[in-house]
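Peer 1: Below are the sequence and a predicted model; questions follow.
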Amino acid sequence: MNNILKAIAGGLAGACVVTAVHETLRRRVPDAPRMDVLGMRSISELMQKADMEPPQDQDQLHTWALVGDIVSNSLYYSLAGTGKDAWWRGAVLGAAAGAGAVLLPGPLGLGEEPSNKTTKTQVMAVGYYLLGGLVAAAVGHTLSDDE
């Protein structure tokens, strides 16, 4: 398996962990980040700008948001790559994604509450994405041919 496929495998692992943690904690922790809500808002807004009708069924829109998150986060986290340097790249990518999750929704017009409701919400959002970057790095490093 070449390094690009290994990096993509790491990215997919990181994205799946972020999504699994998010989906689990949002059901159990009142102040958990609601990145799924931001995804649903993004899809609806983009579709409306393209003169398309977004799904009216909230379950379908939620599924689209989760799939979009996994695809986009997989590609993003695959940038962690492989080898021993994957660790610092994964940490930087995860921290940057977490900071973006907290800082960007408001200015993008998606609302601030889903990722900024409380300090706990903000810390959890950054933590989710940092975890995803580290998982991507761990998989990329493990699959690497580098010593």
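Peer 2: Arrived safely. The structure presented is a predicted model; accordingly, all values stated were derived computationally and were not measured. Numbers count the residues shown, from 1 in each chain.
Peer 1: For the strand or helix carrying residue 96, list every residue counted as buried.
Peer 2: Here residue 96 sits within helix 86-103, counting by DSSP states H and E. Neighbour-count burial for helix 86-103, counted by 16 or more other CB atoms under 10 Å, picks out 86-87, 89-90, 93-95, 97-98, 101-102. (Each C-beta comes from the backbone N, C-alpha and C, glycine too.)
Peer 1: From the contact counts, what lies against that helix?
Peer 2: helix 3-26, helix 58-77, helix 113-116, helix 119-143 (3 or more CB pairs under 8 Å, 6 or more residues apart in numbering; DSSP states H and E).
Peer 1: cutoff 7 Å now
Peer 2: Packing contacts for helix 86-103, counted by 3 or more CB pairs under 7 Å, 6 or more residues apart in numbering; DSSP states H and E, involve helix 58-77, helix 113-116, helix 119-143.
Peer 1: and which of the buried residues of helix 86-103 is nearest residue 12?
Peer 2: Among the buried residues of helix 86-103, residue 90 lies closest to residue 12 (CB to CB), at 13.3 Å.
Peer 1: The closest residue to the closest one other than its chain neighbours: how many residues sit nearby?
Peer 2: Leaving aside its chain neighbours, residue 90 sits nearest to residue 137 (2.8 Å; criterion: CB to CB, 6 or more residues apart in numbering). Counted with other CB atoms under 10 Å, the neighbours of residue 137 add up to 29.
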